[in-house]
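A.B. asks: fold the following.
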Amino acid sequence: MTLRYLLLLPPIATLINRTFKDIGALSVRSVDLQFAKDSDIYAFAKKNQYVIMSKDDDFLNQIDKLGSAPH
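C.D. replies: You can find the predicted model right below:
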């Protein structure tokens, strides 16, 4: 099974896709979520079974608000 990551920075998604064949990565920009609220990004990731990779610790607050993190 391929791991799927949703990242906030497009260059990191590109680097992961070029480097690791068993990991798929998208940037929020590539799915038109670059201006979305954290809760919308979180919901997208959870619905589509993506793991969020971010240096933004606001996503930790989403666990308290919306339940378990996407994985």
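A.B. asks: how about the strands of the chain, start to end?
C.D. replies: Chain-ordered strands for the chain, with DSSP state E as the definition, fall at 3-7, 23-27, 51-53.
A.B. asks: please identify the deepest-packed of those.
C.D. replies: Between those, the one whose residues have the most neighbours on average, counting mean count of other CB atoms under 10 Å, is strand 3-7 (a mean of 19). From N, CA and C alone the C-beta is placed, and that goes for glycine too.
A.B. asks: from the contact counts, what lies against it?
C.D. replies: The criterion is 3 or more CB pairs under 8 Å, 6 or more residues apart in numbering; DSSP states H and E, and the helices and strands that strand 3-7 contacts are helix 10-19, strand 23-27, helix 38-47, strand 51-53.
A.B. asks: so which bits of stretch 32-41 are buried?
C.D. replies: 33, 38, 41 (16 or more other CB atoms under 10 Å).
A.B. asks: cool, stretch 52-71 as well?
C.D. replies: Counting neighbours by 16+ other CB under 10 Å, one finds that the buried residues in stretch 52-71 are 52, 53, 54, 59, 62, 70.
A.B. asks: where does the prediction get shaky in this protein?
C.D. replies: 1-2, 68-71 (pLDDT under 70).
A.B. asks: how about a cut-off of 80?
C.D. replies: Counting by pLDDT under 80, the chain contains low-confidence residues at 1-3, 8, 55-71.
A.B. asks: just to revisit the earlier point, JSON lines please, covering the strands of the chain and showing distance to residue 13.
C.D. replies: Compiled in JSON lines, the strands of the chain are given as follows (distance: least, CB to CB, whole Å):
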{"stretch": "strand 3-7", "distance to residue 13": "5"}
{"stretch": "strand 23-27", "distance to residue 13": "4"}
{"stretch": "strand 51-53", "distance to residue 13": "9"}
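A.B. asks: out of those, which is closest to residue 17?
C.D. replies: With CB to CB as the criterion, residue 17 lies closest to strand 23-27 of the strands of the chain, at 5.4 Å.
A.B. asks: how far off centre is the closest one?
C.D. replies: Chain-centre distance of strand 23-27: 8 Å, with CA atoms, centre = their mean, to the nearest Å.
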